[in-house]
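Asks: give me the fold of what follows.
(one chain, ligands or ions: 1)
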Amino acid sequence: MKRRHMLKVDRLMLRFGGLQVLDGLSLTVREGQIVGLIGPNGAGKTSCFNCLTGIYQPQSGTVHFDGRDVSHLPTHRRARLGMARTWQNLGVIDTLTVTENVMLAGHQRTGYAALAGMLGLPGTWHRERELQRDAAEIIEYFGLDAVAHERTGELPYGIRKTCDMAMALATDPKMLLLDEPASGLSPEEALGLATTLRELRDRLKLTILMIEHHVPLVAEACDHVYVLNFGQLLTEGPPADIQRHPEVIAAYLGGTAAETPEPPEWPLKPEGADHGTA
Ligand SMILES: Nc1ncnc2c1ncn2[C@@H]1O[C@H](COP(=O)(O)OP(=O)(O)OP(=O)(O)O)[C@@H](O)[C@H]1O
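Replies: This next block holds a predicted model:
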């Protein structure tokens, strides 16, 4: 039996001036799936995430999340419904510690402002203790204990990236939207991330949509992949099929489908590139 839709995107049209960034994009993510969104630079992947999370308002099209039409809801309302996002260029606040960042993200679940909690205003104490406990648990899960009280700005990129993921989880999401989670990670770390994502999906019953260029991670982690090119869906399918799709190879390598009838083993990786970055 097919699982229900967690995210259903229907015919999104997004234009900036004369530039058609999304051109009738539709996609579906079912509950518990890990889905990849790939495509060449400028294809519209981040703009798609911005439409899903309410940062951009598309000219037309709809977004349904967890059975509800969220097309016109502001970002914070979508987040409260269980949509959590990580950022290509990190969502952590450099001047706060790892624990403070994770607690700040968790504040979205409370009925008061983060500042009220930090200042210890009446009525916040009990909830703050809970947030602290939750943050400690998430930090331990991600192996960040040793740096829990360090300012994130002073930490290596890979650790800040993990902190970004911990922040997303602190919002108690139903779905994670990950924008290039492997960027800046070593090939070994990126493959380790595939295991982490599957574990998160299985343990916390999460649904995941991720933008990613790192082909081995997509192949290892994703159940299904959508390929975007010039704001349109080029194709979709299981990672193994996508890797051999002539039009995908052409879109990435800049040729035509007819010129590349026999795809190489890792077709999305340009010749001579290291470790599968498209
Ligand atoms: N706010 C904006 N104003 C004008 N143009 C924009 C805006 N946001 C995105 N674009 C344009 O939309 C196109 C798609 O950009 P987008 O960042 O969504 O692509 P992408 O697939 O995520 O690329 P990359 O892999 O390089 O991150 C680009 O041409 C970009 O310049």
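Asks: which SSE is D10 in?
Replies: For D10, the enclosing helix or strand under DSSP states H and E is strand 5-16.
Asks: what about the next helix-or-strand element following that strand and the ligand, touching?
Replies: Moving toward the C-terminus from strand 5-16, the first helix or strand encountered (DSSP H and E) is strand 19-30. Yes: judged by CB under 6 Å from any ligand atom, strand 19-30 comes into contact with the ligand at 19, 21. Bear in mind the C-beta positions are built from the backbone N, C-alpha and C, glycine included.
Asks: helices of the stretch 151-278 of the chain, residue ranges please.
Replies: For the stretch 151-278 of the chain, helices defined by DSSP state H, counting those that start in this stretch occupy the ranges 157-170, 187-204, 215-221, 239-243, 246-253.
Asks: tell me which of the ones you listed sits nearest to the ligand.
Replies: Between the ligand and the helices of the stretch 151-278 of the chain, the shortest separation by CB to the nearest ligand atom is 11.4 Å, and it involves helix 246-253.
Asks: which other helices and strands contact that closest one?
Replies: Under the contact criterion of 3 or more CB pairs under 8 Å, 6 or more residues apart in numbering; DSSP states H and E, the helices and strands touching helix 246-253 comprise strand 224-229, strand 232-237.
Asks: for this structure, give me the ranges with low pLDDT.
Replies: Along the chain, the model assigns pLDDT under 70 to residues 1, 88-90, 109-126, 128, 253-278.
Asks: so what's the most centrally placed residue in it closest to, chain neighbours aside?
Replies: Among the residues of the chain, the smallest C-alpha distance to the mean C-alpha position (CA atoms, centre = their mean) belongs to L178, namely 1.1 Å. In this structure, L178 finds its nearest non-sequential neighbour in M210, 3.9 Å apart by CB to CB, 6 or more residues apart in numbering.
Asks: can I see the domain layout of this protein?
Replies: Residue ranges for the domains of the chain, per automatic domain parsing: 1-82+173-278, 93-172.
Asks: the residue nearest to L178 bridge partners, please.
Replies: Under the criterion DSSP bridges, M210 forms beta bridges with G36, L178.
Asks: and it, what is it in contact with?
Replies: When contacts are counted by CB atoms under 8 Å, 6 or more residues apart in numbering, M210 is found next to 34-37, 176-181, 197, 221-222.
Asks: flag every residue of the chain that's near the ligand.
Replies: Taking CB under 6 Å from any ligand atom as the criterion, the neighbours of the ligand within the chain are 16, 19, 21, 39, 41-47.
Asks: are any of these buried, and which?
Replies: Burial by neighbour count, 16 or more other CB atoms under 10 Å: within the residues of the chain next to the ligand this picks out 21, 39, 43-47.
Asks: what's the closest of the residues you listed to M6?
Replies: Checking those against M6 by CB to CB gives K45 as the nearest, at 18.7 Å.
Asks: what's the neighbour count on the closest residue to that closest one other than its chain neighbours?
Replies: Beyond its immediate neighbours in the sequence, the residue positioned closest to K45 (CB to CB, 6+ apart) is I211, lying 4.5 Å away. For I211, the number of neighbouring residues by other CB atoms under 10 Å comes to 23.
Asks: contacts only, for I211.
Replies: With contact set as CB under 8 Å, 6+ apart, I211 has these partners: 36-38, 45-46, 49, 88, 178-180.
Asks: ok, now with 7 Å
Replies: Neighbouring residues of I211 by CB atoms under 7 Å, 6 or more residues apart in numbering: 37, 45-46, 49, 179-180.
Asks: can you check H224 too?
Replies: By CB under 7 Å, 6+ apart, H224 lies in contact with 33, 35, 236, 238.
Asks: now do L177
Replies: By CB under 7 Å, 6+ apart, L177 lies in contact with 49, 52-53, 83-85, 209.
Asks: closest to A146 among those?
Replies: Each of the contacts of L177 was scored against A146 by CB to CB, and A84 proved nearest at 24.6 Å.
Asks: quick check: the closest one touching A168?
Replies: Yes: in this structure, A84 sits in contact with A168. The criterion is CB atoms under 7 Å, and the distance is 4.0 Å.
Asks: what touches both of these two?
Replies: Contact criterion CB under 7 Å, 6+ apart; residues shared by A84 and A168: L176.
Asks: for A240, which non-adjacent residue is closest in space?
Replies: Spatial nearest neighbour of A240, excluding adjacent residues (CB to CB, 6+ apart): A219 at 7.3 Å.
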